[in-house]
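**Q** please work out how this folds:
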Amino acid sequence: TMLAREGARRRLAAALWPLLEGRAPAAALLAAAAIALLWPSRSIFYRRASGFGLGLTPVWMAAIAATLGVGVLLAIFPFIVGSALGNSWLRVVDFALLYIMLALGLNIVVGLAGLLDLGYVAFYAVGAYTVALLTSPQSPWNQLSEHGMFSKDWAWLSCVPLAMALTALAGLILGFPTLRLRGDYLAIVTLGFGEIIRLLADNLNDVTNGSRGLGGIAYPRFGEDRVPGGYFSAGNAMGNSNYGTWWYWLGLVLVAVVLLIVGNLERSRVGRAWVAIREDEDAAEMMGVNTFKFKLWAFVIGAGIGGLSGALYAGQVQFVIPTNFNIINSMLFLSAVVLGGQGNKLGVIFGAFVIVYLPNRLMGVHLFGVNLGDLKYLFFGLALVLLMIFRPQGLFPVRQQLLAYGKRARELLKGADDSKAAA
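**A** So this is what the prediction gives:
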C-alpha cells in the first residue's frame, strides 16, 4: 500500500510539473493540491524544484500550498456566503474582520505584553473620529471643500495614515505617564481614558456634532464610472460583487497585513521582551530589559492598529456616533482576546469571529418567549466564567516555544541523540 501510494504521488507530480513550470493559471489549484499530497516524502517534485534552484523542502512546499489554498477559499468566501445566506450576512462578515483587527491590536497589549487595557475602544473612537472630522460635511474641520486638503476620490485613503498616527500619538500620551502602574491600577486608568474620549465626543457639540453624530463620511471611490458612487458605495447593493464583497476584500487585505506585522514583531527582539514582561516584569527588568520602553511600544503599536480599525469602520458605515464607542464594546474586544487565547493570533481571530457571529445568529431565535439575541452579554459572561474555571488560558492557548535559534537548538539536540545512539 505504501509503495502504491508513493508511486501515485510520483506520477501525479510528473504530470502536473509541466503545467506549473509553464505557469499555466488553470493548473494553479491542481498544483497546490498536488504539493499538499507530496509534502511527507522527498519525491520527484522536490528533486525537480531543487534542480531549478528553488531548494524547497517538502514542508515549505506544503506550507505554500496550504497558504495558496486558504487564500483562494477566503477570496471566494463572500460569493459562498451571499449565495447560501444572503447579502445581509456579508455585512456580518465585514464586521467580523473589523473585530478581528481590533482583537489583534488588543492582543499585543494584553496577550503579548500582559497589560490589562479596559479602554481600548478609545483608540477605535479616535481613528473613526479622525476620518469623520476631516471628511464629514457636518464637521467644522471638513477638508473636502474646494480649498480643502483632500480630493473627493482620495480623501479616505489619505485619512487612514493620519488616523493611525493620531491614535498612536494618543497611545503615547496615555502610556507615558501611566505605564509605570501595574495590574488593577493600570486597568482603572485605561477604563477612565476610554470614558473620557466617549464623553468628549458626546459633549463637544461644536466639533463632533454631539450625540447627533457625523454623517456623509468619505469612503474609497473606485469604479464610479461603472457603479453610482463606486464599488464601495451602498448604491452597489446588487449582484455578487456588491459593496459588502469589496469591503470584505479590503478588510481581508488589512487583516493579512496586520497579521504579518504582528507575527514579525512577535518573533523579534521586541516580541521576546514583551513575553518576558508578561511572564515576570521584575525578572525581565533585572535581566536588562527596559520594561517601560517596551510596554510603551506595545501601547503605541496596539493603538495604531485600533486607529486603522476605526478608520475602516468610519468608511464602512459613513456615520459615527459616541454611543458606538462605549465601555461595552471595549469589554467585547477584551472578551475576544480572552476567549480565543491571549497571545495566540489564531485563537484571537476565532474569538473575534465568535463575538460577532453568535449574537447575529441568535437574533430572532426565541426560547420561552425570550429573544436569545438580547441575552448575548449574559452568554459571554457565562462563557468567560467557565473559561476562568476550566481553561484560564483560553480555547487556544499560546504555545511556549523557543523563538530565537529554535531550529539550531533542535539540530543540536538531534545530534546529541544520534551520538548517544552510536555510542
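
**Q** confidence score at the residue nearest the centre of the chain?
**A** Centroid-nearest residue in the chain, with C-alpha atoms, centre = their mean: residue 101, separated by 3.1 Å. If you check residue 101, the pLDDT there is 94.

**Q** following the helix or strand containing it, which helix or strand shows up next?
**A** Taking DSSP states H and E as the criterion, residue 101 maps to helix 88-107. Next helix or strand after helix 88-107 toward the C-terminus (DSSP H and E): helix 121-135.

**Q** now the angle between helix 88-107 and that following helix, please.
**A** 120 degrees (axes from the mean of the first three to the mean of the last three C-alpha atoms, to 10 degrees).

**Q** just the CA coordinates for helix 121-135, please, in CSV.
**A** What follows is helix 121-135 as a C-alpha-only set of coordinates in CSV (Å, rounded to 0.1, in the frame of the first residue of the first chain):
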residue,chain,number,x,y,z
VAL,A,121,-12.3,51.4,22.5
ALA,A,122,-10.8,54.9,22.9
PHE,A,123,-8.3,54.3,20.2
TYR,A,124,-11.0,52.8,18.0
ALA,A,125,-13.0,56.0,18.5
VAL,A,126,-10.0,58.3,17.8
GLY,A,127,-9.4,56.6,14.5
ALA,A,128,-13.1,56.8,13.5
TYR,A,129,-13.5,60.4,14.5
THR,A,130,-10.3,61.4,12.8
VAL,A,131,-11.7,60.3,9.4
ALA,A,132,-15.1,61.8,10.3
LEU,A,133,-13.9,65.2,11.4
LEU,A,134,-11.7,65.6,8.3
THR,A,135,-14.2,64.4,5.7
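
**Q** elements contacting it?
**A** Contacts defined by 3 or more C-beta pairs under 8 Å, 6 or more residues apart in numbering; DSSP states H and E place helix 121-135 against helix 155-178, helix 183-203, helix 205-208, strand 214-215, helix 291-317, strand 319-320, helix 327-340. Every residue, glycine included, has its C-beta placed from N, CA and C.

**Q** at 6 Å what do you get?
**A** When contacts are defined as 3 or more C-beta pairs under 6 Å, 6 or more residues apart in numbering; DSSP states H and E, helix 121-135 sits against helix 155-178, helix 183-203, helix 291-317.

**Q** which of those helices is buried the deepest?
**A** Mean neighbours per residue, mean count of other C-beta atoms under 10 Å, is largest over the helices and strands packed on helix 121-135 for helix 291-317, with a mean of 25.

**Q** pLDDT weak spots in the stretch 51-200 of the chain?
**A** Regions of the stretch 51-200 of the chain meeting the criterion pLDDT under 70 cover residues 51-57, 59-60, 81-87, 145-148.

**Q** before we move on, the earlier item: ok, for the residue nearest to the centre of the chain, nearest residue in space, not its chain neighbours?
**A** residue 309 (4.6 Å; C-beta to C-beta, 6 or more residues apart in numbering).

**Q** over to residue 323?
**A** Using C-beta to C-beta, 6+ apart, the nearest residue to residue 323 is residue 211, at 7.5 Å.

**Q** tell me the spacing between that neighbour and residue 386.
**A** For residue 211, the distance to residue 386 equals 37 Å [C-beta to C-beta, to the nearest Å].

**Q** do residue 375 as well
**A** On the measure of C-beta to C-beta, residue 375 and residue 386 end up 16 Å apart.

**Q** give me the number of residues near residue 386?
**A** 10 (other C-beta atoms under 10 Å).

**Q** correct me if wrong, but it is in a helix.
**A** Yes: per DSSP: H, G, I helix; E, B strand; the rest coil, residue 386 lies within a helix segment.

**Q** quick thing: my sequence starts at 19, can you match it?
**A** Happy to do that; since the first residue is 19 now, the last one works out to residue 404.

**Q** tell me the contacts of it?
**A** Residue 404 sits next to no residue when contact means C-beta atoms under 6 Å, 6 or more residues apart in numbering.

**Q** pLDDT wise, what is it at?
**A** Listed pLDDT for residue 404 reads 89.

**Q** equivalent analysis for residue 323, please.
**A** pLDDT recorded at residue 323 is 95.

**Q** wait, isn't it in contact with residue 121?
**A** No: the criterion here is C-beta atoms under 6 Å, and residue 323 misses it with residue 121 at 9.7 Å.

**Q** what's the distance between the spatially closest residue to residue 262 that is not a sequence neighbour and residue 378?
**A** The shortest distance from residue 262 to any non-neighbouring residue, by C-beta to C-beta, 6+ apart, is to residue 108 (3.3 Å). Residue 108 is 12 Å from residue 378, where distance means C-beta to C-beta.

**Q** those two: which is more packed in?
**A** residue 108 (23 against 17).
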